[in-house]
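*Asks:* Need a 3D model of the sequence below.
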Amino acid sequence: MSNNTLISEQEKVRNTVRDGYAKIATETSSGCCGPGVSCCGSTPQEAEKLARELGYSVEELESLPEGANMGLSCGNPAALAALKPGEVVLDLGSGGGFDVFIAGRKVGPTGRAIGVDMTPEMLGKARANVAAYRDQTSLNNAEFRLGEIEHLPVADNSVDAIISNCVINLSPDKPQVWREMARVLKPGGRVAVSDMALLRPLPAEVLRMVEALIGCVAGAVLVQETESFARAAGLANVEVKIKPGYVEAMESFEDPLYQQIVTALPSGTKPADFIASIEVTARKPGQSCGCAGGGCC
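*Replies:* Residues are numbered from 1 along each chain as shown. Reported below is the predicted structural model:
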């Protein structure tokens, strides 16, 4: 495949994802898959149920601005990151601001929570919620930037922690995403990502499903590939933990996307045999000063 053809294919995937998430942002009652719990969008009640299953506390969910939780999660990266007051945290694919607003409370008034998303409709939704977040918390530490996670609008060596929730699998150039994470992290900075990954390759019929791409499935790569991307980007202490319970929960919720996938799988198999939620943690080599915010102590 020529370089021009590869770039064209990547742009096609990016545009498909952007269009799908624009639709989610503008449909407040349900996501692209219709009623049900799904990482491609859920009703408010089902989104809250899913978030509780993923470990978000009642207090965290009740404190969110209205509409920030759209059921797009497959993990709880802000908790995984163990954020500290004064830190700068970056959320890749921040959507309506769900994890940014939670992270902002954790880093406090001397910290900063930055969300990056490539979908203007999502960015508009998140920015519209900033005023409510400020009123609820008296914090002025959350911001949202338009950009692609392969080309982050963030300075080199400027971020203490990177989080991302069910987004990197959507990228058509995952190695570049990991290189960008390494670039913007401060020495000693860390990554805490929740994502979807494959335990074994999906059937071709599933890979052709647009819904599966938007729903964080068809774009996923094998678990070991994710680990190799992080290491190749120069990150250290890379750990990948498989969390199969998420996919099983989707099946038990009778999620419409996963019901579609079931029909395309070989007889006697189920989505959890192929797909899993994962937690990825890593650190950028180098000496940090050891104080919150990463400044010189």
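
*Asks:* C-alpha only now, for contacts and for neighbours.
*Replies:* Fine.

*Asks:* Residue 278: what's it in contact with?
*Replies:* 75, 194-197, 240-244 (C-alpha atoms under 8 Å, 6 or more residues apart in numbering).

*Asks:* which strands and helices sit next to the longest helix seen in the chain?
*Replies:* Counting by DSSP state H, the longest helix found in the chain is helix 3-26. Identification of packing neighbours for helix 3-26 by 3 or more C-alpha pairs under 8 Å, 6 or more residues apart in numbering; DSSP states H and E yields helix 120-128, helix 210-214.

*Asks:* Do I have it right that residue 209 meets residue 217?
*Replies:* No. Applying C-alpha atoms under 8 Å, one finds residue 209 not in contact with residue 217, separated by 9.5 Å.

*Asks:* By mean pLDDT, show me the worst of the helices and strands packed on helix 3-26.
*Replies:* Of all these, mean pLDDT reaches its minimum on helix 210-214 (a mean of 70).

*Asks:* Check what contacts the next helix or strand after that helix and list those residues.
*Replies:* The first helix or strand that comes after helix 210-214 along the chain, using DSSP states H and E, is helix 223-232. Contacts made with helix 223-232 from outside it, assessed by C-alpha under 8 Å, 6+ apart, are listed as 174-175, 178-179, 197-199, 238-240, 280, 282.

*Asks:* again, 6 Å this time
*Replies:* Residues outside helix 223-232 that contact it (C-alpha atoms under 6 Å, 6 or more residues apart in numbering): 175, 178, 197-198.

*Asks:* pLDDT of it, averaged?
*Replies:* 97.

*Asks:* can you pull the buried residues of it?
*Replies:* By 16 or more other C-alpha atoms under 10 Å, the buried positions in helix 223-232 come out as 223, 226-227, 229-231.

*Asks:* Give me the helices and strands touching the next helix or strand after it, please.
*Replies:* Moving toward the C-terminus from helix 223-232, the next helix or strand (DSSP H and E) is strand 236-243. In this structure, strand 236-243 packs against strand 275-283, with contacts taken as 3 or more C-alpha pairs under 6 Å, 6 or more residues apart in numbering; DSSP states H and E.

*Asks:* And residue 138, what's its pLDDT?
*Replies:* Residue 138 is given a pLDDT of 95.

*Asks:* for it, what are its contacts?
*Replies:* Residue 138 neighbours (C-alpha under 6 Å, 6+ apart): none.

*Asks:* State the distance from it to residue 119.
*Replies:* According to C-alpha to C-alpha, to the nearest Å, residue 138 stands 27 Å off from residue 119.

*Asks:* Backbone dihedrals for residue 93, please?
*Replies:* Dihedral angles of residue 93 (phi, psi; degrees, to the nearest 10) stand at phi 70, psi 60.

*Asks:* Assess the claim that it and residue 120 are in contact.
*Replies:* No. Contact criterion C-alpha atoms under 6 Å: residue 93 and residue 120 do not qualify, at 11.6 Å.

*Asks:* Please point out which parts of stretch 114-134 sit buried.
*Replies:* 114-123, 125-127, 129-130, 133.

*Asks:* Mind listing residues that contact that stretch?
*Replies:* 18, 22, 25, 65, 90-97, 142-148.

*Asks:* Just the pLDDT for the nearest residue to residue 54 once chain neighbours are set aside.
*Replies:* Nearest residue to residue 54 in three dimensions, chain neighbours excluded: residue 75, at 5.5 Å (C-alpha to C-alpha, 6 or more residues apart in numbering). Predicted confidence (pLDDT) for residue 75: 81.

*Asks:* now do residue 269
*Replies:* 91.

*Asks:* Confirm that it sits in a helix.
*Replies:* No. Residue 269 sits outside any helix when classified using DSSP: H, G, I helix; E, B strand; the rest coil, being coil.

*Asks:* about what we covered before: show me the contacts of stretch 114-134 that map onto strands.
*Replies:* Members of these lying in strands (criterion: DSSP state E): 90-92, 142-146.

*Asks:* buried set for the longest helix of the chain?
*Replies:* Result for helix 3-26 [16+ other C-alpha under 10 Å]: buried residues 13-14, 16-18, 20-25.

*Asks:* Now the next helix or strand after it: buried residues?
*Replies:* For helix 3-26, the succeeding helix or strand toward the C-terminus, using DSSP H and E, is helix 44-53. Neighbour-count burial for helix 44-53 flags 44, 46-48, 50-51, 53 (criterion: 16+ other C-alpha under 10 Å).
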